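K.L.:
sequence first, predicted model second:
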Amino acid sequence: MNAPEPQVIRMYEARQEIYPREAKGRYASLRWLCVWLTQLAFYGLPWLTWNGRQAVLFDLTTRKFYLFGLVLWPQDFIYLAALLIICAWLLFLVTAVAGRVWCGFACPQTVYTEIFLWIERKIEGPRSARIALAKQGPSLQKFSKKTAKHLAWGAVALWTGFTFVGYFTPIKVLGAESFTLAFGPWEWFWVLFYALATYGNAGWLREQVCKYMCPYARFQSSMFDRDTLIVTYDAKRGEPRGKVAKDTGKSVNGGSCIDCTMCVQVCPTGIDIRNGLQYECIGCAACVDACNSVMDKVEQPRGLIRYSTDRALATGMSAQDIRRRAMRPRVLIYTAGLLLVVIAVGTSLALRTPLKMDVIRDRGSMGREVDGGAIENVYRLQIMNTTEQSHRYRITAAGMPGLALATKDEVTLAGTETRAVPIRLRAPHGAGATGSNKITVQLTALDDPALTVKETAVFIVPR
Amino acid sequence: MSDFTNNFWNLYIVVLTVLGVLGCAVLLYSQSKYKVAKHNGPVGTTGHVWDEDLTELNTPMPRWWMWMFYLTIVFGIAYLFLYPGLGSYAGKLGWNSAKEYKTELAKADSEYGPLFEKYRQQDLKAVAADPQAHAIGERLFLTYCAQCHGSDARGNKGFPNLTDKDWLHGGAPETIKQTIMNGRHGVMPAMGAALGSDKDIENVAHYVLSLSGSAASDPIKSVFGKSKFSACMACHGAGGVGNQAMGAPNLADKTWLYGGSAETIMETIRKGRDNTMPAFGDFLGESKVHVLSAYVWSLSNETK
């Protein structure tokens, strides 16, 4: 047994700055479409109005979530769980079919990095100019460009932070406050925190978030199999690579890859896709776009780097076969699970009664005898009108012969009002057994019989 | 601050906390000693060997990470200095939850105070007619009064019904306010010995029943009881109509605080009754009691 040889290992590698070249093509356009759609929704939604209030508002102080016509109360928290379950199933499904397309096209980290990179390109120029600028020594031009870039980034970041807080504080109020900088302490904190997070993540951390920090990326690989679409390099066709030969357009060594390194230059995580599938690959397909445009130039067929599957590369399957393989049990199970949850949530939301009631029996007295030997029990109804309209409700009780309300049987609640309503129930002498009797209390809106809730309670007949 | 009667437990906590912090510091320091000689120099091993030749590289933590750990210790010490955490030591900032509660209370008072103050300056009957004040009063009642008087204010045995016209101390709005502010103490002395035998007590009970025209009253016993009732007149008056100035109940109506059967009345006479309505003035403050009084008055004087 030999003693281990002393070895030199760099334990901490400093980050290599990446200057992604701009990719143009089908997938880049698709990504920009995603950027536009997600950001129009994110920046635009808080400004919409519905029923005279902000259409989408997560009002934490009154604990009500407004989503257009839907008002969610703390009791509806289950829908948040349902939403998360739907997101999980969606991620499973999409990842099993098409790999990390979420990462490459719709993830906020990608989207904001794309926006920040666009700003960087507009101010500092294309990749070569940015590398040159980074290399050159301090100069007024460098300083002014860098300053301009960071100011622009800061402005986008602040607007993003402002919008984020606008989902929790009415954004028009927040906008008015911003003119005088009269934010509350928590508003200040979250606007600045979210702005800083945007600036830091999209401006500085970029691919490091995907590579080292993102938990999604860590467990997405468990949803991959040999039939999952991935961005791949067709080594059979590409190798041996080499400089381009003028006559054939192929490399001098005979493969299709002319080793132009465009795929490496556009990669936002700085990898070489030709080395095979790597954990850093976020499936953004920028290399596909870059390679396709090069193949067009050298008049070779597209698709040297393309979306394909592991199995298809090994066996040379056609695109149709790849599509057929998408209907495999794993995908079908994910789809079924997703549909099941979506249908369950949809049904539950549709059948939901926007009226809630708790029946609380007074603990102080078991039951009192009144004129004629009738027995009275006192209850407190905790009624929540979770709609935004005022309703008049009728209270009724059943479960014992002759059981009736001895107090007013109608109550009006304003929109989103919660109120405790004391009621007295009276049962005639001899009705029901001594001890506790199961009864039900029902609440029905007079203008809308669908607004009905029924709660069980206990009526006590004293000995 | 401390709830312990014995100082031992304070010391116990102090020692545990200090040892915990020191232990973390010592552990960190000892681990930082296992450093690679140079930043990119040869990496040593921990000396552990498995399966003949598998060794574990001694990979140290980045320095900034170590510093973060040290900072948590500094934070912990600063925290223990500023806030209570070491046994009975109150902390430099003097923070405690009771103070925080008072601050919150003061904040709420300054927010809602003006509203209550506005009502306080109005006449009680005017407040009773105000729908907003009525709603506030109802909530106050459900929170502070419903435990004894019931959510519907109709009371229980020993706890008066507030929705009828029958009042022990008077039902004027100002009287109700005084009752809530200062509380009431209703005492009926035990009269068993003063009245005489059990027979006498039974007779008086039946006379009392006859005052309110109860069918359960035995006319003969009632006649015998009438002469003995003189012992009760000092408080309940000649006709048993009671005296609101001293909180003596009217015995000539059908309202009974403890029950209107002969047995219950006999028990009351024999053993007396002692009944307390607590004072809420200091607890709620006058302006809240004002709104509450208006609500209680409105229960027996429907304005709408």
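P.N.:
Perfect, I can see it now. Nothing here was measured: the structure is a model prediction, and the numbers come from that model. Residues are numbered from 1 along each chain as shown, chains lettered A, B, ... in the order given.
K.L.:
buried set for the strand or helix carrying residue A:347?
P.N.:
If you go by DSSP states H and E, residue A:347 is part of helix A:329-351. Buried positions in helix A:329-351, judged by neighbour count with 16 or more other Cβ atoms under 10 Å in any protein chain shown: A:331, A:334, A:335, A:337, A:338, A:341, A:345. All C-beta spots, glycine's among them, are computed from the backbone N, C-alpha and C.
K.L.:
stretch B:106-119 too?
P.N.:
For stretch B:106-119, the neighbour count (16+ other Cβ under 10 Å) marks B:116, B:119 as buried.
K.L.:
what parts of the stretch 151-300 of chain B come near chain A?
P.N.:
Near chain A, the residues belonging to the stretch 151-300 of chain B are B:151, B:152, B:153, B:154, B:156, B:157, B:159 when assessed by Cβ under 8 Å from any Cβ of the partner chain.
K.L.:
switch to 6 Å and redo it
P.N.:
Counting by Cβ under 6 Å from any Cβ of the partner chain, the residues of the stretch 151-300 of chain B close to chain A are B:151, B:152, B:156.
K.L.:
most neighbours, which of those?
P.N.:
Among these, the one with the most neighbours (other Cβ atoms under 10 Å in any protein chain shown) is residue B:151, at 26 neighbours.
K.L.:
can you name the residues that contact it?
P.N.:
With contacts defined as Cβ atoms under 6 Å, 6 or more residues apart in numbering or on different chains, residue B:151 is in contact with A:362, A:378, A:380, A:422.
K.L.:
which residues touch the last one?
P.N.:
Read that as residue A:422. Shown here is residue A:422, whose contacts under the criterion Cβ under 6 Å, 6+ apart are A:380, B:151, B:152.
K.L.:
dump those to JSON lines, plus distance to residue A:429, pLDDT and secondary structure.
P.N.:
Listed next are these as JSON lines, based on distance: Cβ to Cβ, whole Å; pLDDT from 0 to 100; DSSP: H, G, I helix; E, B strand; the rest coil:
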{"residue": "A:380", "distance to residue A:429": "25", "pLDDT": "94", "secondary structure": "strand"}
{"residue": "B:151", "distance to residue A:429": "23", "pLDDT": "91", "secondary structure": "coil"}
{"residue": "B:152", "distance to residue A:429": "20", "pLDDT": "90", "secondary structure": "coil"}
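K.L.:
give me phi/psi at residue A:49?
P.N.:
Its backbone dihedrals place residue A:49 at phi -120, psi 140, with angles given as degrees, to the nearest 10.
K.L.:
quickly check the buried residues of helix A:329-351 for the two that are furthest apart.
P.N.:
Using Cβ to Cβ, those reach their maximum pairwise distance at A:331 and A:345, which is 21.2 Å.
K.L.:
what about residue A:265, neighbour count?
P.N.:
Applying the criterion other Cβ under 10 Å, we find 19 residues in the vicinity of residue A:265.
K.L.:
ok so it is a helix residue?
P.N.:
Yes: residue state for residue A:265 (DSSP: H, G, I helix; E, B strand; the rest coil) corresponds to a helix.
K.L.:
next one: it from chain B, what distance?
P.N.:
In this view, residue A:265 and chain B are 29 Å apart by Cβ to the nearest Cβ, to the nearest Å.
K.L.:
my guess is residue A:149 contacts residue A:123, does it?
P.N.:
Yes: taking Cβ atoms under 6 Å as the contact criterion, residue A:149 and residue A:123 are neighbours in contact, 4.7 Å apart.
K.L.:
for the contacts of residue B:151, which entry has the maximal number of neighbours?
P.N.:
Within the contacts of residue B:151, most neighbours by other Cβ under 10 Å means residue A:378, with 25 neighbours.
K.L.:
phi and psi next, for that residue.
P.N.:
Here is the backbone geometry of residue A:378 (degrees, to the nearest 10): phi -110, psi 140.
K.L.:
next one: phi and psi at the nearest residue to it once chain neighbours are set aside?
P.N.:
Closest residue to residue A:378 apart from its sequence neighbours, by Cβ to Cβ, 6 or more residues apart in numbering or on different chains: residue A:362 at 4.1 Å. In terms of degrees, to the nearest 10, the main-chain angles of residue A:362 are phi -60, psi 130.
K.L.:
right, and residue A:362 touches residue B:152 too?
P.N.:
No: with contact taken as Cβ under 6 Å, residue A:362 and residue B:152 are classed as non-touching, separated by 8.0 Å.
K.L.:
overlap in contacts, the two.
P.N.:
Here residue A:362 and residue B:152 share the contacting residues residue A:378, scored by Cβ under 6 Å, 6+ apart.
K.L.:
what about the one residue in the stretch 201-350 of chain A that gets nearest to chain B, how many neighbours?
P.N.:
The shortest separation between the stretch 201-350 of chain A and chain B is 13.0 Å, found at residue A:212 (distances taken as Cβ to the nearest Cβ). Number of residues near residue A:212 (other Cβ under 10 Å) recorded here: 11.
K.L.:
dihedrals phi and psi, it?
P.N.:
Note on residue A:212: its backbone torsions stand at phi -120, psi -30 [degrees, to the nearest 10].
K.L.:
go on, residue A:385?
P.N.:
As for residue A:385, its main-chain torsions (degrees, to the nearest 10) stand at phi -90, psi 100.
K.L.:
what's the burial count for residue 163?
P.N.:
Unless you meant another one, I'm taking chain A. One way to gauge burial is a neighbour count; for residue A:163, by other Cβ under 10 Å, it gives 20.
K.L.:
you answered for a different chain; I wanted chain B.
P.N.:
Under the neighbour criterion other Cβ under 10 Å, residue B:163 is assigned a count of 18.
K.L.:
please enumerate the strands of the stretch 101-250 of chain B.
P.N.:
Using DSSP state E, counting those that start in this stretch, the strands assigned to the stretch 101-250 of chain B run over residues B:184-188.
K.L.:
pull the longest helix from chain B.
P.N.:
Secondary structure assigned by DSSP state H gives helix B:7-32 as the longest helix of chain B.
K.L.:
need the contact list for the residue of the stretch 201-350 of chain A closest to chain B.
P.N.:
No contacts exist for residue A:212 under Cβ under 6 Å, 6+ apart.
K.L.:
give me the pLDDT for it.
P.N.:
Per-residue confidence at residue A:212 stands at 88 (pLDDT).
K.L.:
picking that back up, need the contacts of residue A:422 in TSV (columns: distance to residue B:227).
P.N.:
TSV is the format used below for those (distance: Cβ to Cβ, whole Å):
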residue	distance to residue B:227
A:380	49
B:151	44
B:152	41
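K.L.:
buried residues in the helix or strand following the longest helix of chain B, which are they?
P.N.:
Following helix B:7-32 in sequence order, the next helix or strand is strand B:45-50 (DSSP H and E). Residues of strand B:45-50 include none that count as buried (16+ other Cβ under 10 Å).
K.L.:
residues in contact with strand B:45-50?
P.N.:
The set of residues that contact strand B:45-50 without belonging to it, under Cβ under 6 Å, 6+ apart, is B:55, B:56, B:57, B:58.
K.L.:
a markdown table for those, including secondary structure and neighbour count?
P.N.:
Output for the contacts of strand B:45-50, formatted as a markdown table (DSSP: H, G, I helix; E, B strand; the rest coil; neighbours: other Cβ atoms under 10 Å in any protein chain shown):
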| residue | secondary structure | neighbour count |
| --- | --- | --- |
| B:55 | strand | 14 |
| B:56 | strand | 11 |
| B:57 | strand | 14 |
| B:58 | coil | 14 |
